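Asks: prediction below, plus the sequence it came from.
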Amino acid sequence: MSIPRFGVGTFRLQGQVVVDSVRNALELGYRAVDTAQIYGNEAEVGQAIADSGVARDALYVTTKIWTDNYSQAKLIPSLKDSLKKLRSDYVDLTLIHWPAPGNGVELSEFMTALAEAKAQGLTREIGISNFNIDLTRQAIAAVGAGQIATNQIELSPYLQSQQLTAFLQEQGIAVTSYMTLAYGKVLQDPALAEIAKKHQATVAQVALAWALQLGYAVIPSSTKRENLASNLLAQQLVLDAEDMARIAQLERNGREVNPEGLAPIWD
């Protein structure tokens, strides 16, 4: 299980904007790209990858199955459709996008179908996204210990989810942080600004470095090449114990994404 620590996200990016963002990211040295069926941009991501000249086996591509495709009859065909759009014979990681309790498909059904997709070689690893502790336990029970590569969850200095992240790390499931900048809200934080000034860094770099130092993978997105380049430098930023303690105090349960009918009851 080797989830790359740093990737580029594509949430909310469409058309030529996502093509340019992924192209810029690959030119700058990113080698992990995160997309999803519901983003409506898999074809553009596939185009950017194909045009980049970067060898497919040098990349780590993640997509996510949308709730409409959770049934055993639909999951694998929908993934094959994603592969066509991405112009690839496989993806490196396929996630269940939301647990969507009560949508008519049992968790055991979609996790078993996801495991079958892996067995068929359509995806090299499988995982989950937006699952709480109880649902993660159920997912492990469905596919077996050691089979779930990651749980991709919203995390930021304002939403630290310490119970869930501790559980995932105990289980050997990598934590992937999305929305690490809380839709940009953390960029205005005075405590983070002080830490950034101390290290001659940007606030975005501080937030990303915080997540990396906790052992999480991050997938920030940007439409600006300079921000994509700047974000990458977070990997070289080392925060000290005092910085990490200050950031720990910023917790405020500041969840940005909680769609009714899709999200679980959070821990």
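Replies: Okay, I see it.
Asks: what's the mean pLDDT across stretch 215-228?
Replies: Taken as a whole, stretch 215-228 has a mean pLDDT of 97.
Asks: which of the residues in it are buried?
Replies: For stretch 215-228, the neighbour count (16 or more other CB atoms under 10 Å) marks 216-222, 227-228 as buried. C-betas here are computed from N, CA, C, even on glycine.
Asks: next one: stretch 57-73
Replies: So stretch 57-73, judged by 16+ other CB under 10 Å, has buried residues 59-67, 69-70.
Asks: quick revisit: between the buried residues of stretch 215-228, which sits nearest Gln235?
Replies: Val218 (9.4 Å; CB to CB).
Asks: contact partners for the closest one?
Replies: 5-7, 176-177, 180, 208, 211-212, 234 (CB atoms under 8 Å, 6 or more residues apart in numbering).
Asks: same thing with Leu237?
Replies: Taking CB under 8 Å, 6+ apart, one finds 199, 201, 205-206, 208-209 in contact with Leu237.
Asks: leaving out the residues flanking it, which one is nearest to it?
Replies: Distances taken as CB to CB, 6 or more residues apart in numbering put Ala209 closest to Leu237, at 4.1 Å, once the chain neighbours are dropped.
Asks: ok, now Gly121?
Replies: Tyr90 (6.1 Å).
Asks: relative to Gly9, how far out is that neighbour?
Replies: Distance, Tyr90 to Gly9, using CB to CB, to the nearest Å: 20 Å.
Asks: over to Gly53?
Replies: 22 Å.
Asks: these two: who's more crowded?
Replies: A direct count of neighbours by other CB atoms under 10 Å for Gly53 and Gly9 places Gly9 higher, at 25 against 8.
Asks: now for the helix or strand containing Asp20, which elements pack on it?
Replies: Here Asp20 sits within helix 15-28, counting by DSSP states H and E. Helices and strands touching helix 15-28, by 3 or more CB pairs under 8 Å, 6 or more residues apart in numbering; DSSP states H and E, are strand 8-9, strand 32-34, helix 42-52, helix 225-232.
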